[in-house]
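**Student:** here's my sequence, what's the structure:
(chains A and B)
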Protein chains: 2
Amino acid sequence: MNNGGGGNGRCASPGTKQRTGAAGENGVAAEPAWRTLTLETMNQNVRALEYAVRGPIVIRAQQIEKELQEGVSKPFAEVIRANIGDAHAMGQTPITFLRQVLALCLYPALFEDSALPEDAKQRARRVLDGCGGRSIGAYSASQGIECLRQDVARFIERRDGGIACDPNDVFLSTGASDTIVNMLKLQVTGEGRCRTGVLVPIPQYPLYSAAIAELGAVQIGYQLDEAHGWALDVAELRRALGEARHVCRPRALCVINPGNPTGQVQSRKNIEEVIRFAAEEKLFLMADEVYQENVYADGCEFHSFKKVLFEMGAEFSERVELASFHSTSKGYLGECGFRGGYMEVVNLEAEVKAQLLKLVSVRLCPPVPGQAALGVMVNPPQAGEPSHAAFVRERQAVLSDLAEKSRLTENLLNAIPGIHCNPVQGAMYAFPRITLPARALQEAAAAGVAPDMFYCMRLLEETGICLVPGSGFGQKEETHHFRMTILPPVAKLKVLLEKLAAFHVRFTHDFS
Amino acid sequence: MNNGGGGNGRCASPGTKQRTGAAGENGVAAEPAWRTLTLETMNQNVRALEYAVRGPIVIRAQQIEKELQEGVSKPFAEVIRANIGDAHAMGQTPITFLRQVLALCLYPALFEDSALPEDAKQRARRVLDGCGGRSIGAYSASQGIECLRQDVARFIERRDGGIACDPNDVFLSTGASDTIVNMLKLQVTGEGRCRTGVLVPIPQYPLYSAAIAELGAVQIGYQLDEAHGWALDVAELRRALGEARHVCRPRALCVINPGNPTGQVQSRKNIEEVIRFAAEEKLFLMADEVYQENVYADGCEFHSFKKVLFEMGAEFSERVELASFHSTSKGYLGECGFRGGYMEVVNLEAEVKAQLLKLVSVRLCPPVPGQAALGVMVNPPQAGEPSHAAFVRERQAVLSDLAEKSRLTENLLNAIPGIHCNPVQGAMYAFPRITLPARALQEAAAAGVAPDMFYCMRLLEETGICLVPGSGFGQKEETHHFRMTILPPVAKLKVLLEKLAAFHVRFTHDFS
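**Tutor:** Take a look at the predicted model:
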């Protein structure tokens, strides 16, 4: 857990100056002596972490947007942000019912408004009944509003064919990210070879690598099999675990299903294998299932780890520790800004659960509007309720649009010579492999950046398209990828893919 | 930064079982061998942290509420929660204008509603213009919506008599707690004697002690002077710092003004002294100013650290690093549930600021409804706008009610023999000293709890009043206190204080 600073006896004497005003190592003037907090003196774990989804490419994209506003001439009129799964920013319309419930919760004078449907009022009343002083501005319980945790439990039971869920095992959270980090935080201990190791897929969503770096744990990558549609191979899990045991103490296994950035949907059989592996190897399972509603490919179906675990019988369901995560940000809602989410824990020791509750109580509670949004997600309009028909229509429109865009993206990417894209079975991203000419690799090396960063930065400067380089997610050595969302509206998505095709041909030509 | 687990070579061989099914140390059956995560194997920094505001007393209060619901007979009809600054839960009415703006942001169909005032619509439009896809459901920039950061900067400038504030120095956040922890996280490094030390007042708000414990830093307590109205004495700061330099590397100085739990308001002169001290000793100043609107006592005035720093001239304003914190949860809004807040940084090195931005980007963004609520806080209705009169009336009603309750609480507490309460000049709490009879101390020791925990738990069981023991905030040895909020409505507050008086007399009698 060493996160920087001097080791034993090596730090400067307490209170003495660490820096002078003289020239520093690089010959440039060092920071003035009055500073306490510099790149050198800060927490080095924080300095080391990376989060590509909002990294240098996105910072440059923001600058370009400002330049465009200021009238700087560019070969494009707008930046197209396909770097992040931000549905509403890409034009997806919010689900009306959710917003009606939230408006009622926030401004109860609207209960008098006859234009708002009765089922929305009923949901809002349920939320407010659970709030101190019937105000969404009160702190909730740290674990989340009790009646909403009950609703989450019923949602999970319906999803999992009736397998029981105890509301006391449900923790509402500030998006899924927050609770994933808390669950990792609970597990991280040790120094040197005793440090906690966490198995994560490669490619992975960089929240995991960032949190592991920040906590000073050890990331153990297991490669997803690109040649087989990014499948998770238990033999590869075993290899990664075996090697890691020489350098750390592996404790947790993270799985992202449907895959981010890779878009594969795990088969039921594969999930069983992973559960068996976790049981054999005594690993805490962390199942990131935030894309569970986002399954598009024929023959693919989402199976929750919880459901499969319980269907495997008591030998597993009573002896594998599992945490699974869900969110309001994805699915058909796309309500990222609310930061709503939940975690369900299974087989977590009671005393540890009390410690988790203590840990989350320090931040008091997750944002209550986000809890209310989550409440709608898990308890949407039912048949017979006034909003049901409109809700079903809106939900279906979003999901079939996403399904169409997943196919469109896959097909158009695969039509570009030098680009290969596995099926986008689920989630919201394509993660195609790109073939880069040798001279591009050399120039990238000379510039000190990853080849796909070099590619994506050039793409941004020439076309305004903002993607995330595969190096930000991890990938097999000497392979190169990028992640793009399938979220832009169809017409814009086509333009994006046409521009990308032209760029790729040009890039390949220029560096050949 | 050792947060548990074995040291060099002391951890169990990687992959071997750490526990057997046999009886454990205490003679009770140990956890089964399949568990990976137990009290013993979890992160010991998390295990060590405490957060009294939602600690054992509050957990018991929740149980009692359930028992009352289930019809269990108690000597009281309801639990009165005076443990936390949760204004709406205590019946405070939300500011109408804020809720109107939020409802418009969430459900833009309401722009057609002629009952909603034009200034609310204008504010909502400003927020939505700053949102991707004009939806509050889109992720914002990680630092917060740009136009709202501009509004925060103008708010700070007005507050500080025109001293400039750069919106790029403003970070919107998930309440103040989140950003306080991030600012500490940036600074924590080292092992053993090189560990980062953080100066915090005693008594302190336990977010600080919890975050310091979680991060593995060293808490350096400086005693506030109870005999002089909880004044901050720089000589005491110097003593604490000097002693700490033998055991850690002090880097940061936290000040809470107005004080939590202590309710004092710092004089301008005292703030100057603290700034001089921080400059001399090269400490990063962290000013928790979330109660800046909550000043009640005649002759007291809030001065921000930023303002005083700049009024002291370039010698200080160009060479003291400062972060100050504010929130939507307190003041006259009391909108805790939104988790809205901001931090302003002054003299933070540009590269470190980039690291901070990277750190916060991992969680994507603060909840956007909370950002919108903060936007209203910093840009409320102005004279000439349609909502101005009602807004001023509502704000004034809240603040004068709080002022009345601060006096009432102080006076009634001081009328109880054996209780002494300093003036509640600001914030939302009284932190009276209680004299406990010797036999109560003995019984508490026998029960293995702090004497004021013993007292508060008994108070809860006998009267339903939920307070937080002083030991949860830190206090001078052999003194005992509790924290209570002044938030209950006047009538209920009187009942609370009468019951407390009767209890205190009875308790003193029973244990004498």
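
**Student:** thought residue A:184 was touching residue A:214?
**Tutor:** No: counting by C-beta atoms under 8 Å, residue A:184 stays clear of residue A:214, with 9.2 Å between them. (C-beta placed from N, C-alpha, C; glycine too.)

**Student:** so those two - more neighbours on which side?
**Tutor:** Using other C-beta atoms under 10 Å in any protein chain shown, the more surrounded residue of residue A:184 and residue A:214 is residue A:184, with 25 against 21.

**Student:** quick one: the more buried one and residue B:459, what's the gap?
**Tutor:** Residue A:184 sits 39 Å away from residue B:459, going by C-beta to C-beta, to the nearest Å.

**Student:** the strand or helix carrying residue A:396 and chain B in contact?
**Tutor:** Using DSSP states H and E, residue A:396 falls within helix A:388-414. No: Helix A:388-414 stays clear of chain B (C-beta under 8 Å from any C-beta of the partner chain), getting no nearer than 12.3 Å.

**Student:** and that helix, which residues are buried?
**Tutor:** For helix A:388-414, burial by neighbour count (16 or more other C-beta atoms under 10 Å in any protein chain shown) applies to A:388, A:391, A:394-395, A:398-399, A:401-403, A:405-406, A:408-410, A:412-413.

**Student:** tell me who's in contact with residue A:82.
**Tutor:** Residue A:82 is in contact with A:465-467, A:484-485, A:487-488, A:496, counting by C-beta atoms under 8 Å, 6 or more residues apart in numbering or on different chains.

**Student:** buried among those residues? Make that a PyMOL selection.
**Tutor:** Selection of buried members from the contacts of residue A:82 for PyMOL, criterion 16+ other C-beta under 10 Å:
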select buried, chain A and resi 465+466+467+484+485+487+488+496
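
**Student:** which of the contacts of residue A:82 lies closest to chain B?
**Tutor:** residue A:487 (10.2 Å; C-beta to the nearest C-beta).

**Student:** wait, a helix at that closest one?
**Tutor:** No: counting by DSSP: H, G, I helix; E, B strand; the rest coil, residue A:487 is not found in a helix; it is coil.

**Student:** doesn't residue A:90 make contact with it?
**Tutor:** Yes: Residue A:487 lies in contact with residue A:90 (C-beta under 8 Å); the separation is 4.0 Å.

**Student:** hang on, residue A:332 packs against residue A:398?
**Tutor:** Yes: if you go by C-beta under 8 Å, residue A:332 and residue A:398 touch, sitting 4.3 Å apart.

**Student:** what do those two both touch?
**Tutor:** By C-beta under 8 Å, 6+ apart, residue A:332 and residue A:398 have these common neighbours: residue A:95.

**Student:** for residue A:53, give me its contacts.
**Tutor:** With C-beta under 8 Å, 6+ apart, residue A:53 has these contacts: A:83-84, A:205-206, A:468, A:472, B:361.

**Student:** give me the spatial nearest neighbour of residue A:98, chain neighbours excluded.
**Tutor:** Excluding its sequence neighbours, the residue lying closest to residue A:98 (C-beta to C-beta, 6 or more residues apart in numbering or on different chains) is residue A:376, at 4.5 Å.

**Student:** and the furthest pair within the contacts of residue A:82?
**Tutor:** Greatest spacing in these, by C-beta to C-beta: A:465 and A:487 (13.2 Å).

**Student:** measure residue A:338 to chain B for me?
**Tutor:** 6 Å (C-beta to the nearest C-beta, to the nearest Å).

**Student:** I meant to write residue A:340 there.
**Tutor:** Separation of residue A:340 from chain B (C-beta to the nearest C-beta) stands at 9 Å.

**Student:** and if you look at residue A:303?
**Tutor:** 23 Å.

**Student:** so who does that residue touch?
**Tutor:** Residues in contact with residue A:303 (C-beta under 8 Å, 6+ apart) are A:266-268, A:271.

**Student:** and residue A:504, what does it touch?
**Tutor:** Listed by C-beta under 8 Å, 6+ apart, the contact partners of residue A:504 are A:416-419, A:434.

**Student:** look up which helix or strand it falls in, please.
**Tutor:** Taking DSSP H and E as the definition, one finds residue A:504 inside helix A:490-510.

**Student:** residues in the stretch 351-500 of chain A within reach of chain B, list them.
**Tutor:** Within the stretch 351-500 of chain A, the positions near chain B by C-beta under 8 Å from any C-beta are A:351-352, A:355, A:358-359, A:361-370.

**Student:** in helices, which of the residues you listed fall?
**Tutor:** A:351-352, A:355, A:358-359, A:361, A:368-370 (DSSP state H).

**Student:** if any of these are buried, put those into a ChimeraX selection.
**Tutor:** To isolate the buried members of these in ChimeraX, using 16+ other C-beta under 10 Å:
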select /A:352,355,358,359,361,368,369,370
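
**Student:** identify the farthest-apart pair in the ones in helices among the residues of the stretch 351-500 of chain A next to chain B.
**Tutor:** Largest separation among those by C-beta to C-beta: A:351 and A:369, giving 32.2 Å.

**Student:** and the residue lying closest to residue A:479 once chain neighbours are set aside, what does it touch?
**Tutor:** The spatial neighbour of residue A:479 that comes closest, neighbours along the chain excluded (C-beta to C-beta, 6+ apart), is residue A:433 at 5.9 Å. If a contact means C-beta under 8 Å, 6+ apart, then residue A:433 has A:226, A:419-421, A:479-481 as its contacts.

**Student:** just the pLDDT for the residue nearest to residue A:288 when sequence neighbours are not counted.
**Tutor:** Spatial nearest neighbour of residue A:288, excluding adjacent residues (C-beta to C-beta, 6+ apart): residue A:256 at 4.3 Å. On pLDDT, residue A:256 comes in at 97.

**Student:** neighbours of residue A:256, how many?
**Tutor:** So residue A:256, with other C-beta under 10 Å, has 27 neighbours.

**Student:** separation between it and residue B:390?
**Tutor:** Following C-beta to C-beta, the distance that separates residue A:256 from residue B:390 is 49 Å.

**Student:** ok, residue A:490 next?
**Tutor:** Look at residue A:490 and residue B:390: by C-beta to C-beta, they are 46 Å apart.

**Student:** kindly report the same for residue A:160.
**Tutor:** Taken as C-beta to C-beta, the span from residue A:160 to residue B:390 is 50 Å.

**Student:** ok, now which ones touch the residue nearest to residue A:470 when sequence neighbours are not counted?
**Tutor:** Nearest residue to residue A:470, sequence neighbours excluded (C-beta to C-beta, 6+ apart): residue A:481, at 2.9 Å. Counting by C-beta under 8 Å, 6+ apart, residue A:481 makes contact with A:203, A:431-434, A:452, A:469-470, A:473, A:475.
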